[in-house]
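Colleague: Model the structure of this input:
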Amino acid sequence: MSRIGAELAKTSLPAGGSGPALLLQKIEKEAESVRLGGGAAAVDRHHAKGKLTARERIALLIDPGSQFLEIGLFAAYGMYGEYGGAPSAGTVAGIGVVRNRDVVIVANDATVKAGAWFPMTCKKNLRAQEIAMENRIPIVYLVDSAGVFLPLQSEIFPDKEHFGRIFRNNALLSSLGVTQIAAIMGPCVAGGAYLPIMSDEAMIVDKTGSVFLAGSHLVKAAIGEEIVNERLGGAAVHCEISGVTDHLMPDDKSCLERIRSIIGKLGARPKAGFDRAAPAPPLFDPADLRALLPQDRAKPYDMYEILARIVDGSEFDEYKAGFGKTIITGYARIDGWAVGIVANQRLVVKTAKGEMQVGGVIYSDSADKAARFVMNCNQKMIPLVFFQDVTGFMVGSRAEQGGIIKDGAKMVNVVANSVVPKFTFIVGNSFGAGNYAMCGKAYDPRLIFAWPTATIAVMGGKQASETLLAIKVQRMEQGGTHIDAATQQQLLEEMQQRYEKEMDPLFAAARLWVDGIIDPAETRAIVSKGIAVAAHNPEVPAFRSGVLQT
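Modeller: Below is the predicted model of the structure:
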């Protein structure tokens with residue numbers, strides 16, 4: 001067992017390495033605004049109806065003193081501006097602890113457009129169901145929604161990953177034996193009515209909860225019947241006449257307590273046998289992670305310094321330490337859990353022109369090493385944790401002739417086919433196929449979070465904007481239009497600004513490319529929670545990689 005950075009104990013933090021801390025302040029400021037939902041006035045109107053807000057409901061549902069791991073806080077951030085925006089996509093979702101059990105919770109935020117479903121609302125709900133399905137943990141729906149946001153109905157209604165997928169997932173979760181409990185705490189309209197009624201149990205709050213396929217206005221337009229919503233689909237109707245709902249509750253608080261009571265009676269199930277020992281803190285303070293990366297992202301840093309502040313005792317069994325050095329692989333423990341770590345490493349190498357930084361580039365030897373290590377972890381039933389700071393695979397004639405495509409494909413193959421739980425943290429760059437090989441969103445990590453220093457794109461902003469400009473200039477000159485140097489520079493700056501905006505982690509979080517943006521010091525806790533949740537699913541299939549080019 002090697003101890004990371006035993007020689008680093010006397011090393012001070014890098015000068016000017018406050019990049020994560022400064023960016024974290026910006027993220028936290030934006031998070032405060034998002035958590036207000038529809039704003040103070042909307043919250044007051046909500047309270048005036050005798051209802052709790054989505055976040056207040058979740059706080060009462062989870063165990064006192066426990067933590068709620070929020071998923072998709074920044075969903076829809078900066079989107080739907082023409083409609084006034086949709087903070088957090090009008091839904092609060094995440095993993096909480098209810099009566100000592102891990103539970104996925106999804107709560108409509110009716111302070112945002114009456115809880116209407118935007119396209120990103122649908123994507124966020126599907127993500128929550130995916131977490132429940134992958135990990136076989138209960139899911140609770142706190143329903144308070146006016147239904148689909150009609151101006152965007154074409155982007156939410158008919159496609160595979162649209163609204164109907166929610167009810168399909170209801171059915172699949174039920175077939176897998178995953179407990180689903182729904183509380184109708186406000187309107188539940190049209191197709192959305194199927195979500196709570198396809199759950200195992202549904203409760204409804206008197207006078208505020210209602211559920212129907214068509215509201216009173218649509219009923220009158222369709223069949224001429226005049227009726228108020230309470231008599232059409234209120235709590236008394238569905239608990240005493242139709243039998244659609246199972247529990248009639250007088251208010252939000254009693255409804256949430258009933259859910260807690262039901263969850264507290266769930267039977268125990270077998271768990272996956274991921275190894276856990278007594279947890280030990282790292283030798284170095286995890287809070288250092290807020291200052292460890294240099295603010296200038298072009299400057300080198302040492303990934304071993306990062307890992308020394310994440311793994312237990314700063315102890316690390318490195319795999320192939322002297323080979324493929326732009327990827328670090330090895331075994332460690334995080335909060336007691338055995339893990340396999342795959343992390344990009346920036347190197348400073350000597351060239352004919354002097355020293356040059358190799359910024360997270362994956363070479364053939366690195367890809368080959370990582371692929372074999374991932375297979376080893378699958379063989380040993382050890383969960384994998386990826387730390388991304390990758391600019392992509394090496395390019396050029398030497399790399400191509402050396403088979404970089406073959407070796408890269410091998411790494412992508414085994415990551416795609418990996419069956420043990422995977423967790424991904426984007427700490428720096430996440431560019432091109434490097435994102436895929438290092439277990440980006442498309443490769444089914446159980447959880448994927450970004451640090452404030454993350455940048456996600458096909459390639460770096462400078463390279464992308466220069467490539468786009470070259471293409472544009474070539475086309476215009478072919479058409480007989482000459483562009484002078486000053487105009488080219490202006491176009492370049494405009495392209496670079498637009499591209500760099502799209503590389504911001506907030507842009508990624510808004511579209512749920514990542515589950516959220518975290519304080520780097522929270523990384524240990526999230527890995528630990530993720531593995532504990534993953535252990536609820538004992539069904540880990542045998543690993544098969546398929547055909548590999550060797």
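
Colleague: Can you show me the helices along the stretch 151-300 of the chain?
Modeller: 164-175, 194-197, 216-223, 229-233, 235-236, 252-263, 289-292 (DSSP state H, counting those that start in this stretch).

Colleague: now the ones you listed in JSON lines, with distance to residue 522 and mean pLDDT?
Modeller: C-beta: built from backbone N, CA, C; applies to glycine. Formatted as JSON lines, the helices of the stretch 151-300 of the chain follow (distance: least, Cβ to Cβ, whole Å; pLDDT from 0 to 100):
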{"stretch": "helix 164-175", "distance to residue 522": "28", "mean pLDDT": "96"}
{"stretch": "helix 194-197", "distance to residue 522": "31", "mean pLDDT": "90"}
{"stretch": "helix 216-223", "distance to residue 522": "46", "mean pLDDT": "83"}
{"stretch": "helix 229-233", "distance to residue 522": "42", "mean pLDDT": "85"}
{"stretch": "helix 235-236", "distance to residue 522": "40", "mean pLDDT": "88"}
{"stretch": "helix 252-263", "distance to residue 522": "26", "mean pLDDT": "98"}
{"stretch": "helix 289-292", "distance to residue 522": "9", "mean pLDDT": "91"}
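
Colleague: now the ones you listed in a markdown table, with mean neighbour count and distance to residue 488?
Modeller: Shown next, in a markdown table, are the helices of the stretch 151-300 of the chain (neighbours: other Cβ atoms under 10 Å; distance: least, Cβ to Cβ, whole Å):
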| stretch | mean neighbour count | distance to residue 488 |
| --- | --- | --- |
| helix 164-175 | 16 | 46 |
| helix 194-197 | 21 | 53 |
| helix 216-223 | 12 | 57 |
| helix 229-233 | 17 | 62 |
| helix 235-236 | 18 | 66 |
| helix 252-263 | 19 | 60 |
| helix 289-292 | 22 | 38 |
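
Colleague: To residue 272, which of these lies closest?
Modeller: Nearest to residue 272, of all the helices of the stretch 151-300 of the chain, is helix 164-175, at 18.6 Å by Cβ to Cβ.

Colleague: Are there helices or strands packed against the closest one, and which ones?
Modeller: On a contact count with 3 or more Cβ pairs under 8 Å, 6 or more residues apart in numbering; DSSP states H and E, helix 164-175 meets helix 119-135, strand 180-189, helix 194-197.

Colleague: which of the ones you listed sits most buried?
Modeller: Mean neighbours per residue, mean count of other Cβ atoms under 10 Å, is largest over these for strand 180-189, with a mean of 26.

Colleague: Any stretches of this protein with poor pLDDT?
Modeller: Applying pLDDT under 70 to the chain flags residues 1-19, 191, 348-359, 459-466, 468-470, 473.

Colleague: Most distant residue from the centre of it?
Modeller: Distance from the C-alpha centroid of the chain peaks at residue 480, with 47.8 Å (Cα atoms, centre = their mean).

Colleague: any idea how far residue 486 is from that residue?
Modeller: As judged by Cβ to Cβ, to the nearest Å, residue 480 and residue 486 stand 20 Å apart.

Colleague: Kindly report the same for residue 550.
Modeller: The gap separating residue 550 from residue 486 is 53 Å, by Cβ to Cβ.

Colleague: ok so, going back, can you convert the helices and strands packed on helix 164-175 into CSV and add a column each for distance to residue 411?
Modeller: Below are the helices and strands packed on helix 164-175 laid out as CSV (distance: least, Cβ to Cβ, whole Å):
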stretch, distance to residue 411
helix 119-135, 22
strand 180-189, 37
helix 194-197, 39
